[in-house]
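> A structural model of the following input is requested.
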Amino acid sequence: MVKEKIADSGIELLKKDYDVDVRIDMSDEELKKEIGKYDALIVRSATKVTADILEDHGNLKVIGRAGIGVDNIDVEAATKKGIIVANAPQSNIISAAEHTIALLLAQSREIPLANASLKGGKWERTKFKGIEVNGKVLGVFGMGRIGTLVANLAKGLGMKVIGYDPYVSKERYAQLGVDQGDFDDVLKKSDFITVHLPKTDETIGMLGKKEFQLMKDGVRLVNAARGGIFNEPDLIEAIKNKKVAGVSIDVFEKEPCTDSPYFELDEVVVTPHLGASTTEAQDKAGTMIAEQVAAALAGEFVSNAINITPVAIEVMETFKPYLPLCEQLGKAIIQIVEGRLDSLEIEYAGHIAEMDSKLLKIAVLKGLFESIVDEPVNYVNADLFAEERGISIKETKVGPLKDYVNLITVKSVSDGQEVMVAGTLIGKLNEPRFVKMYDYDIDMGPSKYMAFFRYTDKPGMIGLVGTILGREEINIASMQVGRKKIKGQAVMGVNVDVAIPDNILEEIKDQAGLDYAHSIVL
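Residues are numbered from 1 along each chain as shown. As a prediction, the model looks like this:
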């Protein structure tokens, strides 16, 4: 369901694979009543997706926010129900940053007042005397994507920029050409201050009377991020006593806002939450959130899901090809385990071992649980299934290997017995390969239907297995055998076109005297 207007391009993208209902006029009561019929919900900022509305969530798998903020969505409630919440954080970066600069310049040159005066029939050139921004210091609270772009645009205007963000490294500040300051430094040194922060308990009212007192006389402020970061009564007092010379506000604590003390002050420039209101931003938001929702419905990794542990862009680029492989390893290990799964160890070797591996672990768990639980499993709730079942998860990392650039090995202990499967990617196309099974080297591409046999190596085993499968008209696409020594233990793996029935597996096991025979479906 698309609950609020998004770009037609986004709707058309979804219609290629899904039925799409556009229900822009639906009330909250109707939404609560009907939400369970839908697999996905797309909103913008006006719709409040509360815990109450999600109570009977039914089939709902993903909520997409066509924009950056998710203040209107109860993310905690959605997470508890295994619902992915995704946004489109990069869709409005340019628009929001440009609007911030527009607001800064508008108040600096008193453009709204001059516009109103001239349209009112007055020619008052001497009344409106602005200030230049060149050479002034801009303080930026929050050096995320938007704050960083604002800093770059301000530097293009000849401004000096000082930033405060405790989660940004010194190296990053140096790379951006921005001075790093602590909280009080930014307050004391800035001629202009702009905030680019999320709405949290810590940021609401973050700048109030105490902070205004630390600022320069005649400071100018901009808030195009989230309403309420400036303490409104304290700011109005600071404007009236001339401590603050100008303010630009695009966001309000309660929206829509058509009545505010700000509207009575000439020093305040206001706009009705226009930060993302450009044609380009709306097109990007609609398309981007449609892609995210489609990925969620297809069971793929949702890169902009905000209730999944965030992953650095460079890590995501490296790991993305490995996620399907990790899911396949998880699906394989749970199907070859004999008995109860007590613990799981995931080993990363090669270059990937140098990065934060939590995303790969979640992918393994997603694959593992998809075939054994009767609830939807995704990148949000896979960890919870392991925790609820008391399965111990251990991650280990080793350095470079001789034979593989990267290798992921999944080991499980079931009733005291250890089994394992390992995989890697090969070639320019990053083709997945299973390269170890039951601790034996084997090289085969994973397919939907596979089977693995463990036995004592002796002549005729391949022919015996092939004969029985041929008799049942089960076609073998490929076959691989791994062994450590002649006449020792061996593992045979086959890719087949259809699932092998249990009774055929038992026949093969009995006639060949096999130790183990497992058919798996990936």
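
> And the protein, split by domain according to the record?
Following automatic domain parsing, one gets these domains for the chain: 8-90+280-297, 93-270, 313-521.

> Same list, those, but as JSON lines with mean pLDDT, distance to Val2 and mean neighbour count please.
Just so you know, the C-beta spots here come from the backbone N, C-alpha and C atoms, and that holds for glycine as well. Below are those laid out as JSON lines (pLDDT from 0 to 100; distance: least, Cβ to Cβ, whole Å; neighbours: other Cβ atoms under 10 Å):
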{"stretch": "domain 8-90+280-297", "mean pLDDT": "92", "distance to Val2": "5", "mean neighbour count": "19"}
{"stretch": "domain 93-270", "mean pLDDT": "95", "distance to Val2": "21", "mean neighbour count": "18"}
{"stretch": "domain 313-521", "mean pLDDT": "88", "distance to Val2": "21", "mean neighbour count": "17"}
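
> Make a markdown table out of these and add distance to Ser303.
What follows is those, written out as a markdown table (distance: least, Cβ to Cβ, whole Å):
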| stretch | distance to Ser303 |
| --- | --- |
| domain 8-90+280-297 | 7 |
| domain 93-270 | 14 |
| domain 313-521 | 6 |
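
> Which one of these lies nearest to Ile306?
domain 8-90+280-297 (5.5 Å; Cβ to Cβ).

> How about the contacts made by the nearest residue to Phe301 once chain neighbours are set aside?
Of all residues not flanking Phe301 in the chain, Leu323 sits nearest, at 5.1 Å (Cβ to Cβ, 6 or more residues apart in numbering). If a contact means Cβ atoms under 8 Å, 6 or more residues apart in numbering, then Leu323 has 300-301, 359-360, 363 as its contacts.

> redo that, cut-off 10 Å
The neighbours of Leu323, taking Cβ atoms under 10 Å, 6 or more residues apart in numbering as the test, are 300-301, 316, 359-360, 362-364, 366-367, 379.

> In helices only, show me the residues you listed.
Of the contacts of Leu323, the ones assigned to helices by DSSP state H are 316, 359-360, 362-364, 366-367.

> Taking those residues, tell me the two that lie furthest apart.
Maximum distance among those (Cβ to Cβ): 18.6 Å, for Met316 and Gly367.

> Which elements pack onto the helix ranked longest in the chain?
Using DSSP H, we find that the single longest helix of the chain is helix 279-297. Packing contacts for helix 279-297, counted by 3 or more Cβ pairs under 10 Å, 6 or more residues apart in numbering; DSSP states H and E, involve helix 8-15, strand 40-43, strand 62-65, strand 84-87, helix 93-108.

> Recalculate using a threshold of 6 Å.
With contacts defined as 3 or more Cβ pairs under 6 Å, 6 or more residues apart in numbering; DSSP states H and E, helix 279-297 has these neighbours: helix 8-15, strand 62-65.

> got the angle between it and helix 93-108?
Counting by axes from the mean of the first three to the mean of the last three Cα atoms, to 10 degrees, helix 279-297 lies at 150 degrees to helix 93-108.

> Next, the angle helix 8-15 makes with helix 279-297.
Using the same axes, to 10 degrees: helix 279-297 against helix 8-15 is 10 degrees.

> gap between helix 279-297 and the chain center?
13 Å (Cα atoms, centre = their mean, to the nearest Å).

> Alpha carbons only: can I get it in CSV?
The C-alpha trace of helix 279-297 is given here as CSV (Å, rounded to 0.1, in the frame of the first residue of the first chain):
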residue,chain,number,x,y,z
THR,A,279,11.2,17.7,-8.1
GLU,A,280,14.6,15.9,-8.1
ALA,A,281,14.4,14.9,-4.4
GLN,A,282,10.8,13.6,-4.7
ASP,A,283,11.7,11.5,-7.8
LYS,A,284,14.7,10.0,-6.0
ALA,A,285,12.8,9.3,-2.8
GLY,A,286,10.0,7.5,-4.6
THR,A,287,12.3,5.4,-6.7
MET,A,288,14.7,4.7,-3.9
ILE,A,289,12.1,3.6,-1.4
ALA,A,290,10.4,1.4,-4.1
GLU,A,291,13.7,-0.3,-4.6
GLN,A,292,14.1,-0.9,-0.8
VAL,A,293,10.6,-2.3,-0.5
ALA,A,294,11.1,-4.6,-3.5
ALA,A,295,14.3,-5.9,-1.9
ALA,A,296,12.5,-6.6,1.4
LEU,A,297,9.7,-8.4,-0.3
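
> Can you tell me what sits against that helix?
Residues from elsewhere that reach helix 279-297 (Cβ atoms under 6 Å, 6 or more residues apart in numbering): 6-7, 9-10, 13-14, 39-40, 42, 62, 64, 66-67, 84, 86, 88, 91-92, 95, 302, 304.

> again with stretch 118-132
108-110, 114, 117.

> same thing with stretch 332-350?
Under Cβ under 6 Å, 6+ apart, the answer for stretch 332-350 is 357, 361, 364, 368, 392-398, 400-401, 405-415, 419, 421, 518, 520.

> can we see that at 7 Å?
With Cβ atoms under 7 Å, 6 or more residues apart in numbering as the test, stretch 332-350 has contacts from 357, 360-361, 364, 368, 371-372, 391-398, 400-401, 404-415, 417, 419, 421, 452, 518, 520, 522.

> cool, stretch 474-488 as well?
437, 440-444, 447, 457-458, 462, 466, 469, 489-498, 500.

> please redo it, this time with the cut-off set to 6 Å
Identification of contacts with stretch 474-488 by Cβ under 6 Å, 6+ apart yields 440-444, 457, 490-498.

> What ranges does the stretch 151-300 of the chain have for its helices?
Residue ranges of the helices in the stretch 151-300 of the chain, as given by DSSP state H, counting those that start in this stretch, are 170-176, 183-189, 209-214, 232-240, 279-297.

> picking up where we left off before, among the contacts of Leu323, which one lies nearest to Glu507?
Using Cβ to Cβ, Gly367 comes nearest to Glu507 of the contacts of Leu323, at 29.1 Å.

> Would you mind measuring from that closest one to Ala422?
From Gly367 across to Ala422, the span is 14 Å (Cβ to Cβ, to the nearest Å).

> Could you do Ile24 as well?
Where Ala422 is concerned, Ile24 sits at a distance of 50 Å (Cβ to Cβ).

> what's the answer for Lys170, then?
40 Å.

> and what of Lys428?
In terms of Cβ to Cβ, Lys428 sits 22 Å off from Ala422.

> And Asp184, by the same measure?
53 Å.

> before we move on, what about Leu407?
According to Cβ to Cβ, Leu407 and Ala422 sit 6 Å apart.

> and if you look at Ala88?
37 Å.

> What segments of the stretch 401-522 of the chain are strands?
Per DSSP state E, counting those that start in this stretch, the stretch 401-522 of the chain carries strands over the ranges 406-414, 417-426, 431-437, 440-444, 449-456, 476-483, 489-496, 516-521.

> can you tell which of the helices and strands packed on helix 279-297 is closest to Thr278?
Among the helices and strands packed on helix 279-297, the nearest to Thr278 by Cβ to Cβ is helix 8-15 (14.8 Å).

> Please name every helix or strand in contact with the closest one.
For helix 8-15, the elements it packs on are helix 279-297, judged by 3+ Cβ pairs under 6 Å, 6+ apart.

> make it 10 Å
With contacts defined as 3+ Cβ pairs under 10 Å, 6+ apart, helix 8-15 has these neighbours: strand 40-43, helix 279-297.
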